[in-house]
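Sequence and predicted model, in that order:
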Amino acid sequence: MAGLIDRVIRAGERLADEVEVFLVEGRSVTAQLQREKVDRAEESRSWGMGIRVIQKGRIGVSSTGDPAAWERCLQAAVDSARLATPQEWKGLPGPGPAAGEAPCCDPAIEPSPDGARGILSRMLEGVAGHPDAHVTSGSATLSRATLTLANSHGLERTMERTECGCSLEAICGQSTGSEFDQSPFLDIDPRRVGDQAGFLAVHSSGGREIADGQYSVILSPVAFAQLLGYIVVPALSGRNVHAGRSRLASLLSTRCMDPALDLRDDPFARGMGATAWDAEGVPARRLDFVREGTLLAFAYDLKTAYRYGKETTASAVRGGFGGAPSIGIHNLVLDGKRSDITRERGLYVHDVVGAHTANPMSGDFSVECQNPVWMEDGALREPVRKAMIAGNLFDTLAELGGIGKDSRIVGNAILPSVRLKQVQVIGE
């Protein structure tokens, strides 16, 4: 594809001041479970190109999944730039070394139907330890992709990414349980996924009611990731800060969270967003948002940095080959002083539903709990039939009840469990 990229850039230079090409080539295999049987395993190949042009501060983008359509795609990007509002623009980055190697590729991951079916088999072995649980669905995916970014200033970067993931859902009576695992390496634990899904389904059946009130709540990394992603992450975007859509906008250099808490974007952590360069080719680097509770930084891509007189923090990401880069997170890592947060009694929440309805400006949330259960002395005790939790995440993070010793990958985050001191719980 190097020849194609070169042709696009040379043609684009005749039509615009700058040209950027982003190319993705990938292969993946996904296997599905239908109840306790492997339903099918499918292999797919993908190819996609995104083109961005800049002409006198006007930015235009277009994309295509057809290599033969690159000329139409380029012209569409140029046409969209003509319709764009001009802004302050100081240029795409030029060539230079990346920041080093990022842990984003495992040579042991080879997308194959046999490999995916093997993952399904190990999940079934895990759930088999819970004979009252019945599998409703499950999946396993192995993928490998090559990402190439080049621009008219001579920058060219290439990266290979791999992914391994699995999930399973089980049911026992009217109770369900689900679990997943994902990693850029072949280090997932399918047996644990099956065992946990089966356990949650069985253990959650026959849950008891809970009275409305204030309780200490323990959020699993999965539940915590949902709230962080919809409330805190948007507040860290430089674009939202300057647009007046971030509660944290005026709190730079002040304590805004618990002093035991650190929050950072670490592109070199062993997570799903590991990368040596961002979506615009800028060398990646660790970005400390919060250290010991004090807010230190916001995230910027080139477009937002140029507009507001800031510097990019190498925080540009892409959701795929289509569309323009935007501000995002590579690997959101929460850390701090760890402790046993499960010793004292608290309501443990495995996952939540409705986090997308939270108010990112105020931090208010009201979500339904998935598989809520009382936890004490490190063990899950009596299940709760139904519960919702409500509160303000910014206020809650200002005084945590503790950070757990565990940690896991949840999307583009690497998070522990956390204990929230007093949260409003609504029962039936």
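Okay, I see it.

domain ranges for this structure?
With domains defined by automatic domain parsing, the chain comprises 2-201, 206-428.

Please state the offset of the shortest one from the chain centre?
When distances are taken as C-alpha atoms, centre = their mean, to the nearest Å, domain 2-201 is centred 12 Å away from the chain's centroid.

ok, residue 135 - contacts?
33, 35, 36, 124, 127, 168, 169, 170 (C-beta atoms under 8 Å, 6 or more residues apart in numbering). The C-beta positions use only the backbone N, C-alpha and C, and glycine is treated the same way.

What ranges in the chain fall below the confidence cut-off?
For the chain, no stretch is flagged by pLDDT under 70.

could you redo the last one with a cut-off of 90?
Along the chain, segments meeting pLDDT under 90 span 1-2, 34-41, 97-101, 174, 206-207, 319-323, 422, 428.

all helices of it, in order?
Applying DSSP state H to the chain gives helices spanning 2-13, 70-83, 113-127, 190-204, 221-227, 233-235, 238-242, 302-308, 393-397.

can you put those helices in CSV and add distance to residue 289 and mean neighbour count?
Listed next are the helices of the chain as CSV, based on distance: least, C-beta to C-beta, whole Å; neighbours: other C-beta atoms under 10 Å:
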stretch, distance to residue 289, mean neighbour count
helix 2-13, 34, 16
helix 70-83, 33, 17
helix 113-127, 35, 20
helix 190-204, 31, 23
helix 221-227, 16, 24
helix 233-235, 10, 22
helix 238-242, 11, 21
helix 302-308, 16, 20
helix 393-397, 12, 20
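
Any idea which of the ones you listed gets closest to residue 346?
Checking those against residue 346 by C-beta to C-beta gives helix 221-227 as the closest, at 12.8 Å.

Keeping just the C-alphas, turn that closest one into CSV.
Only the C-alpha atoms of helix 221-227 are listed here, as CSV (Å, rounded to 0.1, in the frame of the first residue of the first chain):
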residue,chain,number,x,y,z
PRO,A,221,-13.6,-1.9,37.6
VAL,A,222,-16.4,-2.6,35.0
ALA,A,223,-19.0,-0.5,36.8
PHE,A,224,-16.4,2.2,37.6
ALA,A,225,-15.3,2.4,34.0
GLN,A,226,-18.9,3.2,32.9
LEU,A,227,-19.2,6.2,35.2
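
Now tell me what touches it from outside.
With contact meaning C-beta under 8 Å, 6+ apart, helix 221-227 is reached by 219, 334, 349-352, 355, 358, 365, 367, 369-370, 393, 406-408, 410-411, 413, 415-418.

Can you say which of those are buried?
219, 334, 349-352, 355, 358, 365, 367, 369-370, 393, 407-408, 410-411, 413, 415-418 (16 or more other C-beta atoms under 10 Å).

Okay, and which of the residues you listed map to strands?
Counting by DSSP state E, the part of the buried ones among the contacts of helix 221-227 found in strands is 219, 334, 349, 351-352, 365, 367, 369-370, 408, 410, 413, 415, 418.

Which pair of these spans the longest distance?
Most distant of these, by C-beta to C-beta, are 365 and 408, 21.5 Å apart.

I'd like to check which residues are in contact with residue 356.
Contacts of residue 356 by C-beta under 8 Å, 6+ apart are residue 230.

what do you get for the one 4 residues further on?
By C-beta under 8 Å, 6+ apart, the contact list for residue 360 reads 230, 231, 234, 235, 240, 245, 247.

Nearest to residue 281 among these?
residue 240 (23.8 Å).

Against residue 372, how distant is the closest one?
From residue 240 across to residue 372, the span is 32 Å (C-beta to C-beta, to the nearest Å).

And residue 149, by the same measure?
Per C-beta to C-beta, residue 149 is found 44 Å from residue 372.

For the stretch 151-300 of the chain, which segments are assigned as strands?
Counting by DSSP state E, counting those that start in this stretch, the stretch 151-300 of the chain has strands at residues 156-172, 175-183, 213-219, 261-265, 287-291, 294-295.

what angle do the third one and strand 364-370 make?
Computed with axes from the mean of the first three to the mean of the last three C-alpha atoms, to 10 degrees, the direction of strand 213-219 lies at 70 degrees from that of strand 364-370.

And for the fourth one?
Comparing the axes of strand 261-265 and strand 364-370 via the same axes, to 10 degrees yields an angle of 90 degrees.

which other helices and strands contact strand 261-265?
strand 287-291, strand 332-336 (3 or more C-beta pairs under 8 Å, 6 or more residues apart in numbering; DSSP states H and E).

what do you get for the first one?
In terms of contact count using 3+ C-beta pairs under 8 Å, 6+ apart, strand 156-172 is assigned the packing partners helix 113-127, strand 134-151, strand 175-183, helix 190-204.

quick one: which of those is nearest residue 49?
Closest to residue 49 of these, according to C-beta to C-beta: strand 134-151, at 9.5 Å.

Enumerate the positions of the closest one that are buried.
Neighbour-count burial for strand 134-151, counted by 16+ other C-beta under 10 Å, picks out 135-136, 138-145, 147-151.

Considering the residues you listed, which is situated nearest to residue 97?
The nearest member of the buried residues of strand 134-151 to residue 97, counting by C-beta to C-beta, is residue 149 at 14.6 Å.

Quickly note the distance from the closest one to residue 267.
In this view, residue 149 and residue 267 are 15 Å apart by C-beta to C-beta.

repeat for residue 337
Where residue 267 is concerned, residue 337 sits at a distance of 24 Å (C-beta to C-beta).

Ok, residue 114 next?
Distance, residue 114 to residue 267, by C-beta to C-beta: 33 Å.

likewise residue 191?
Going from residue 191 to residue 267 by C-beta to C-beta gives 30 Å.

Kindly report the same for residue 228.
From residue 228 to residue 267 the distance is 18 Å (C-beta to C-beta).

right, and residue 330 touches residue 282 too?
No - with contact defined as C-beta atoms under 8 Å, residue 330 and residue 282 do not form a contacting pair (11.7 Å).

Count the neighbours of the nearest residue to residue 258 once chain neighbours are set aside for me.
In this structure, residue 258 finds its nearest non-sequential neighbour in residue 400, 4.4 Å apart by C-beta to C-beta, 6 or more residues apart in numbering. Neighbours of residue 400 under the rule other C-beta atoms under 10 Å: 20.

Having no further points to raise, I will conclude here.
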